[in-house]
Structures are given as structure tokens and as C-alpha cells.
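Peer 1: what follows is a predicted protein model with its sequence.
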Amino acid sequence: MAHQSVQSILVHFGNLFLFCKFLGLYPHDMQAFQRSQTMRGSKVGTAFVLITMAAVTVFYNLLIYSFSEEDRDLKAAQSTLTFVIGVFLTYIGLGMMLTDQWSALRNQSKIGELYERIRNVDENLLKEHIVVDISDISKRIIIMISLAVVCELTILISTYATLVDYTEWISILWIFSCFPTFYNSLDKIWFAVTLSALRKRFFVINSALDGMVESHEKIKQLWATSPSRKNSMANMGFGTSFEYLYKELTHMDAIKTFNSGRNKVAPITHSMNSFGDGFETRTKKKISPQPPAFNMVYDSELGGDINKVEEKLNKLCQLHDEICEIGKMLNELWSYPILVLMAYGFLIFTAQLYFLYCATQHQVIPSLFRSAKNAMITIIYLSYTAGKCIYLIYLSWKTSLESKRTGICLHKCSVVADNNALYEIVNHLSLKLLNHSVNFSACGFFSLDMETLYSVSGGITSYLIILIQFNLAAQQAKDAIHNNDESASGNTTTALELFVSTFKPSTVSK
């Protein structure tokens, strides 16, 4: 077979690459990407990313300093807990952005290898007459970028217009408040689209196996209902009670062929002579001029040459293993950014709801979290943050399930073919698949699946209740201290007035 080539999925990453390149998120060579759709490291790109990291860090700290006037009295006006949470969460967004950029610098040589391995998998799938449709990648990327831009602009403009004093020129620095989350969104679009591509390749392999099963079942149904099959059974002296034995005999040639090449003992053929006259003599007289009718069942791929079936199943399982290895590599490249994103999502979701509660109680909140003063902005912000985390967890979970479904599809092939030789092949291959499963995790701390999502949701609720209880206790303590001070001041004034009125010298009448 002549060498066949397919397009790399990077062909559809053009818009996303330009965004990341101009914003200083990825350091890869632009000319190499536009010319050959490859991700190559670049010294100039590395320097540009480092300069961008330094510039954004400086302007972000300048933003914090410029809007920190109301934060200076935060510790005195509110509890120390609120102050510490505000300071910590103010910088976790910047840390998330720097983690994304640093990971891009560290992995710039490996990312190109990742997409090259995906292209090789597509070529091998094409050799097996399996075509992977990648035309929807561009649409998926455009939708994700559009959602990120719309959410960022909505949060930025609404907060700037309603909660920021835009009459001062320093307020223009507020634009840097959206940089960390927007950079993070672009980086996670790369991960999500690549992960979705791996899931699709698992899907096409499973679909190919299901197609083999469906075609074999259709031919079996046609053969079972054909008049020639019934006539052959009648001419051979079989009744309905002996159809199971006839079915077993139809597989004897395939089993002997399979076992003869492996130095194994062939299964013992059950002789029909014990049931009466010689079976072989009668069948030769009846059907010697033409092939037996039951050979029709072998017109399907699973019913053909057992060696060819084994070869195809082996190739599909090898491709499955390669996709699993690519998935592990993808998880390794984005392990730290995913961990930081999940920590950011958990903390921000809890803190934003906590600050929303503080705002309803007319308490002072950190300046960079002033969006919590508006319930609608808070809903948009939390939906945007939670959407990224939930989508990545859901996509990782579905990809892992799709990879595990291949073993089920393999066993369907052996069940529908009902061939002992194929059973042995499938059992051997299924053990390989079991040892090469893919699971996605955040640096090994927790798996990215729906169980983790449930645990995180429960944790957010628990910590939010704890924070509110601490806030209530702190406010009650401050109110008690304030009342005691007022009571002590009032008692002192009353005692002084009593002392003056008692010991006031009487006026001597003249």
C-alpha cells in the first residue's frame, strides 16, 4: 500500500495560535506553524513570553496598589479572616497565569511531538480504512474563543462601569484584572480541543469494531432466513434439534487453520456416525457439485480468514495503546496548569460567594473582588469559572470511558462470531487493553471525573458555611466589644457627674 498522509489537526488551530502568540502565552515559532503546521521552539518567542510575564506582573501589582485605598482599613474594619482571604486570592489569579506561561516554556519541544504522534495515528487509521473527520475543530475553537471573549468583556465592562470610578485616569489599569483569567482560558482551550480529538479517535476505533459486529449480524440474519440454508439443512438430514451441532461444525475449518500455525492441538471433531448412517457419504452425494450453503456466513469480515481478523484486531489495539500513551503525555504536559486551575476554581467560587454575603451585610470587601457587590456580575463570573473546570472534568471523564469501551467492543466481536479461536484472540487483546487504560488527573492528587466534581461541590458548600459562621462570630465579638466600650464610657460619665454634684462647694450667700 502506498504511503498515505493526512492533515495535522494543527491546521485548524490558526486563530487560537495567533491569540496565544500575540498575547505572549506560547513561545513557538510562528513561521514554522504557518508554513508546515508544526509547533517548534523559538528563542525569540521565549524572550517575548518572559517579557510579557514581567510586564503583566508589574502592571498587575500597580493595579493592586492603585485600588488598595479601601483595603488599608479592611483589617481594622472587618475580621482578620476576610483580610487574609482577600490578600491570598488577589494573587492566586496571577499565579495561575504565570503557571500557564511557565508550562508552555518548559514543554515547548514536547508539544510539537504530541501533535505529530496524533497525525501518525490518523495515518495508521487511514490504512485500516478508518477516516477521522477533523473539520469540526475550527468551529469548536471559534465557539470557545467567542465564549471566553464575551464573558471576559461582560465582566470587565460591567464592573468598570458600575463599581469603578472611571473619572480617574488610573482606573484604566482595571483592564489588567482580566488578564490572568483570559490567558488561562486560551491555554485550556488547547487542552480541551486536543483531549476532544483523542476522544474522537477512541470513538472511531470503537465504531469500526461495532461496524464489524453489525455487518456480521446482518449476514447471519440473511443466511438464517434464506431458503438455500433450510434446503441444505434438510438435505443433510438435520432437524431443528441439531442446529447447534451444525453451527459448531461450521467453525471447525477456522479453528483448525488457527491452531495449525500455533503448534496447538486442534479441537476434536464430533463424528456423526454414532447417530446412524455415515454423515460424510451422504453429504458428498448431495452437495458435491457446489459449495455448501453455510459458507455464506463467512462473507463478513469476522467470518473470514481468522489470521486476517487477528491482524486487524491487533492493529486496532496497537492504535488504541498509542492513543492512550498520547493521552498520558497530554495529561503530563498540562498537569500543573490543571491543578492550579482546579485550586483556583475551588477557592474563587467559595470566596466570591463569601464576599457576596459580606456585601449584603454592608461589610468592606477586597477591592479586586468588588464584583461581588453586584449579584448579576457574580453569577456571570462564577458561571464562567465553573464552566471551565466542569467542562475539563467532564471531557476527561468521557475520554477515559471511551477508551475503556474498546474492550467491550472487542468482546462483542467474539460473541457475535461465536468462534473459539476468536475468543482466544480477544481474551489476549483485552488483557493488553486493561493494562493500557488512560486516566486523567491533576498531578496525581485527584482524578478528573464526576466523582471528584461531586466532592468539590460538597467541599465548597461546607467551607462557605464555615466562613459565614466565623464571620458571624467575629461580628458578634466586635459588637460586644463596642457595646462594652460604650457602657464603660457611659458608666464613667455618670460616676463623674455624681461626684461633681456631691462634692460641689456650696455657694456662700452674702
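Peer 2: The structure has been received and is ready for your questions.
Peer 1: which parts of stretch 388-402 are buried?
Peer 2: Applying a neighbour-count criterion of 16 or more other Cβ atoms under 10 Å, the buried positions in stretch 388-402 are 388, 389, 390, 392, 393, 395, 396, 397, 398, 399, 400, 402. Every C-beta, even on glycine, is put in place using the N, C-alpha and C of the backbone.
Peer 1: let me see the contact set for the fifth one.
Peer 2: Right, the one you point to is residue 393. 448, 449, 450, 452, 453 (Cβ atoms under 8 Å, 6 or more residues apart in numbering).
Peer 1: summarise which helices and strands the host helix or strand of residue 310 is packed against.
Peer 2: Using DSSP states H and E, residue 310 sits in helix 306-333. Secondary-structure packing of helix 306-333 (3 or more Cβ pairs under 8 Å, 6 or more residues apart in numbering; DSSP states H and E): helix 108-127, helix 179-225, helix 252-260, helix 375-417, helix 420-435.
Peer 1: tell me the angle of it relative to helix 420-435?
Peer 2: Angle, helix 306-333 to helix 420-435, by axes from the mean of the first three to the mean of the last three Cα atoms, to 10 degrees: 10 degrees.
Peer 1: what packs against the helix or strand just after helix 306-333?
Peer 2: The first helix or strand that comes after helix 306-333 along the chain, using DSSP H and E, is helix 335-360. Other elements packing on helix 335-360 under the criterion 3+ Cβ pairs under 8 Å, 6+ apart are helix 80-106, helix 179-225, helix 375-417, helix 450-503.
Peer 1: got the contact list for stretch 310-318?
Peer 2: 124, 128, 205, 208-209, 258, 301, 406, 410, 413, 425-426, 429, 432-433.
Peer 1: farthest pair in those?
Peer 2: Spatial extent of the contacts of stretch 310-318 (Cβ to Cβ) is set by the pair 124 and 258 at 25.1 Å.
Peer 1: the two: which is more packed in?
Peer 2: Counted by other Cβ atoms under 10 Å, residue 124 and residue 258 do not tie: residue 258 has more neighbours, with 23 against 16.
Peer 1: could you give the secondary structure assignment for residue 437?
Peer 2: coil (DSSP: H, G, I helix; E, B strand; the rest coil).
Peer 1: my read is that it contacts residue 404, right?
Peer 2: Yes - Residue 437 lies in contact with residue 404 (Cβ atoms under 8 Å); the separation is 6.0 Å.
Peer 1: so which of the helices and strands packed on helix 306-333 gets nearest residue 66?
Peer 2: helix 179-225 (15.3 Å).
Peer 1: which other helices and strands contact the closest one?
Peer 2: Helices and strands touching helix 179-225, by 3+ Cβ pairs under 8 Å, 6+ apart, are helix 14-22, helix 43-66, helix 80-106, helix 108-127, helix 137-163, helix 306-333, helix 335-360, helix 375-417.
Peer 1: nearest to residue 194 among those helices would be which one?
Peer 2: Of all these, it is helix 306-333 that lies closest to residue 194, at 5.9 Å by Cβ to Cβ.
Peer 1: for the closest one, buried residues please.
Peer 2: Those would be 306, 309-310, 312-313, 316-317, 319-320, 322-324, 326-327, 329-331, 333, for helix 306-333 by 16+ other Cβ under 10 Å.
Peer 1: quick one: average pLDDT of it?
Peer 2: Per-residue pLDDT over helix 306-333 has a mean of 90.
Peer 1: helix 80-106 and that one, what's the angle between them?
Peer 2: If you take the same axes, to 10 degrees, helix 306-333 sits at 130 degrees to helix 80-106.
Peer 1: distance from the chain centre to helix 306-333, please.
Peer 2: Centre-to-centre, helix 306-333 and its host chain are 20 Å apart (Cα atoms, centre = their mean, to the nearest Å).
Peer 1: start the count at 185, not 1, going forward
Peer 2: With the count now opening at 185, the last piece we talked about shows up as helix 490-517.
Peer 1: and stretch 599-615, how far out from the chain middle?
Peer 2: Distance of stretch 599-615 from its chain centroid, counting by Cα atoms, centre = their mean, is 32 Å.
Peer 1: report the buried residues of that stretch.
Peer 2: The neighbour-count check on stretch 599-615 (16+ other Cβ under 10 Å) flags 600, 601, 603, 604, 605, 606, 608, 609, 610, 613, 614 as buried.
Peer 1: wait, residue 289 touches residue 209, no?
Peer 2: No - applying Cβ under 8 Å, one finds residue 289 not in contact with residue 209, separated by 10.2 Å.
Peer 1: when these two are compared, which one has more neighbours?
Peer 2: Using other Cβ under 10 Å as the criterion, residue 289 and residue 209 rank with residue 209 on top: 22 against 15.
Peer 1: from residue 373, how far off is the more buried one?
Peer 2: Distance, residue 209 to residue 373, by Cβ to Cβ, to the nearest Å: 11 Å.
Peer 1: next one: residue 406
Peer 2: Residue 406 is 48 Å from residue 373, where distance means Cβ to Cβ.
Peer 1: the more surrounded of the two?
Peer 2: residue 373 (22 against 13).
Peer 1: quick check: the more buried one touching residue 201?
Peer 2: No - look at residue 373 against residue 201 with Cβ under 8 Å: they stay out of range, at 10.8 Å.
Peer 1: thinking again about what came up before, can I get the buried residues of stretch 599-615 in CSV including distance to residue 552 and pLDDT?
Peer 2: Converted to CSV, the buried residues of stretch 599-615 look like this (distance: Cβ to Cβ, whole Å; pLDDT from 0 to 100):
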residue, distance to residue 552, pLDDT
600, 61, 80
601, 64, 76
603, 67, 76
604, 69, 81
605, 67, 81
606, 63, 82
608, 64, 84
609, 61, 84
610, 58, 83
613, 55, 85
614, 53, 83
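Peer 1: nearest to residue 230, out of these: which one, please.
Peer 2: Closest to residue 230, out of all of these and judged by Cβ to Cβ, is residue 613, at 44.0 Å.
Peer 1: what sits against the closest one?
Peer 2: Applying Cβ under 8 Å, 6+ apart, we find residue 613 in contact with 497, 498, 501, 594.
Peer 1: same check, this time on residue 364
Peer 2: By Cβ under 8 Å, 6+ apart, the contact set of residue 364 is 244, 277, 278, 280, 281.
Peer 1: just among those, which is most surrounded?
Peer 2: Most neighbours among the contacts of residue 364, by other Cβ under 10 Å: residue 281, with 24 neighbours.
Peer 1: which residues sit in contact with that residue?
Peer 2: When contacts are counted by Cβ under 8 Å, 6+ apart, residue 281 touches 240, 363, 364, 367, 368.
Peer 1: and the pLDDT at it?
Peer 2: 92.
Peer 1: tally up the residues packed near residue 390, please.
Peer 2: By other Cβ under 10 Å, 21 other residues sit near residue 390.
Peer 1: can I assume it is in contact with residue 593?
Peer 2: Yes - contact criterion Cβ under 8 Å: residue 390 and residue 593 qualify, at 4.9 Å.
Peer 1: which neighbours do the two share?
Peer 2: Counting by Cβ under 8 Å, 6+ apart, no residue touches both residue 390 and residue 593.
Peer 1: spatially nearest residue to residue 235 (excluding sequence neighbours)?
Peer 2: Closest residue in space to residue 235, ignoring its immediate chain neighbours: residue 208 at 7.1 Å, by Cβ to Cβ, 6 or more residues apart in numbering.
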